[in-house]
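> how would this look folded up:
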Amino acid sequence: MNKINYIRFDWAIKKLLRDKANFGVLEGFIEVFLGKPDCKIIEILESESNNINEDDKFNRVDIKAKSSDGEIFIVEIQLTRYVHYMERVLFGVSKAITEQMKDGDDYGKIKKVYSISIVYYDFGKGNDYLYVGNTKFIGVHSKDELIISEKEELSLFEQEQDKENNKTRKFKERHNVGAIMPTYYMIRVKSFDDNVKNAMDEWMEFLKNSEIKSDTKVPGLIEAKEVMKFDRMSKEEQNAYIRHLDAVANEKEAILTAKIWGKIEGRAEGEKIGIEKGESQKALAIAKNLKPMGVMTIEQIAAATNLDAETIENL
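Below is the predicted model of the structure:
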């Protein structure tokens, strides 16, 4: 059986997944990794890489989506190393939060933001391919987690006003403070061991090797199996995709070459320093032997060893 060629997920985010007809792929991805089976994407929001062209940097791709309940999902793919990557992730989430607000808006309008980073290089140290982070408030002494509700946040004044006006408010209980705080998902593609045991592993197999089982039942991959075939793209799209793969390969090669040359130059410099140090120590040893003999003046010893007279005097 001929192997089906599927396009890479980072290219799909640049192109296909911004089309409403293909939102099912992203919704399935969110269901599997975030455990949100009811998530429905209604639109793709403006993000740094929405306006793409041939000259765009290919090593960073992102998509920012809004669900039917207003939650925001930032899916970012990083193909090559970025020194301040976590700071950039933090900035992206902060920006997504503040962009929800207009002057004079109630803070209650802020919706939860999920940041999903798909990283293709050796990122951090750990044994897992998926790490999840969320802000929690834990008691310093009791070690319990702080639980709140919107009712507890409402001022007594507002509650009294509601009573006077015969209004009844519905309050939403929150399980924990982290329910509104951003949640971060770090997917380390290179850490996947190619051992497929469940739905998340099938997604990892696709992210890492662009392979999908012919009989997959995994949300998102069912849709991807149809819309992300290389043969379904136009000739122009295929050529652009091939150029993208070539650019990614060239970038990795350039980084590897820079590392190798850096090591070579560092080794050469180290050898040079070592030689110079060895020669200096040899000259000192010769001067130490010549000085007590008294057969040569300080100036003659200095000329013979390339040491200065003061150094020889202090031996």
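> how does the chain divide into domains?
9-135+181-232, 256-313 (automatic domain parsing).
> hey, which of the ones you listed is tucked in deepest?
Comparing these by mean neighbour count (mean count of other CB atoms under 10 Å), domain 9-135+181-232 comes out on top with a mean of 16. From N, CA and C alone the C-beta is placed, and that goes for glycine too.
> coming back round to it: mean pLDDT for the domains of the chain: which is lowest?
When these are ranked by mean pLDDT, domain 256-313 comes last with a mean of 68.
> just the helices in this structure please.
9-14, 23-34, 85-98, 150-153, 156-164, 199-209, 221-227, 235-293, 298-305, 309-313 (DSSP state H).
> hang on, the earlier thing: can you put the domains of the chain in TSV and add distance to residue 142?
As requested, those are arranged in TSV below (distance: least, CB to CB, whole Å):
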stretch	distance to residue 142
domain 9-135+181-232	18
domain 256-313	49
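> Out of those domains, the one nearest residue 143 is which?
Evaluated with CB to CB, those place domain 9-135+181-232 nearest to residue 143, the distance being 16.5 Å.
> Now residue 197, what are its backbone angles?
phi -120, psi -20 (degrees, to the nearest 10).
> May I have the residues that are in contact with it?
If a contact means CB atoms under 8 Å, 6 or more residues apart in numbering, then residue 197 has no contacts.
> what about it, distance to residue 204?
Remark: distance between residue 197 and residue 204 (CB to CB, to the nearest Å) = 10 Å.
> before we move on, back to that, so which of the domains of the chain gets nearest residue 240?
With CB to CB as the criterion, residue 240 lies closest to domain 9-135+181-232 of these, at 7.6 Å.
> can you give me how far that closest one is from the chain middle?
11 Å (CA atoms, centre = their mean, to the nearest Å).
> end to end, how far does it reach?
15 Å (CA to CA, to the nearest Å).
> Let the chain start at 367 from now.
Let's use 367 as the start, then, which means that last one is domain 375-501+547-598.
> can I assume residue 428 is in contact with residue 458?
Yes: the criterion here is CB atoms under 8 Å, and residue 428 meets it with residue 458 at 7.4 Å.
> can you pull the contacts of the residue nearest to residue 596 when sequence neighbours are not counted?
Closest residue in space to residue 596, ignoring its immediate chain neighbours: residue 371 at 4.0 Å, by CB to CB, 6 or more residues apart in numbering. With contact taken as CB under 8 Å, 6+ apart, residue 371 is in contact with 576, 595-597.
> Please repeat the previous calculation with a cut-off of 10 Å.
Counting by CB atoms under 10 Å, 6 or more residues apart in numbering, residue 371 touches 576-577, 594-597.
> picking up where we left off before, between the domains of the chain, which one is nearest to residue 609?
Among the domains of the chain, the nearest to residue 609 by CB to CB is domain 375-501+547-598 (7.8 Å).
> how near is the residue nearest to residue 596 to residue 679?
In terms of CB to CB, residue 371 sits 77 Å off from residue 679.
> Test my guess that residue 430 contacts residue 439.
Yes: counting by CB atoms under 10 Å, residue 430 touches residue 439, with 7.2 Å between them.
> what is in contact with those two at once?
With CB under 10 Å, 6+ apart, residue 430 and residue 439 have common neighbours 411, 462, 479, 481.
> partners of the first one in the sheet?
Each beta-bridge partner of residue 411 is listed here: residue 430, as defined by DSSP bridges.
> Let me see the contact set for it.
Counted by CB under 10 Å, 6+ apart, residue 411 has contacts 429-432, 438-440, 462, 465.
> Please convert these to a markdown table, extending it with distance to residue 551.
Putting the contacts of residue 411 into a markdown table (distance: CB to CB, whole Å) gives the following:
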| residue | distance to residue 551 |
| --- | --- |
| 429 | 14 |
| 430 | 15 |
| 431 | 14 |
| 432 | 17 |
| 438 | 14 |
| 439 | 10 |
| 440 | 10 |
| 462 | 14 |
| 465 | 20 |
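> Looking at the residues you listed, spot the one nearest residue 492.
Checking the contacts of residue 411 one by one against residue 492 (CB to CB), the nearest turns out to be residue 440, at 21.5 Å.
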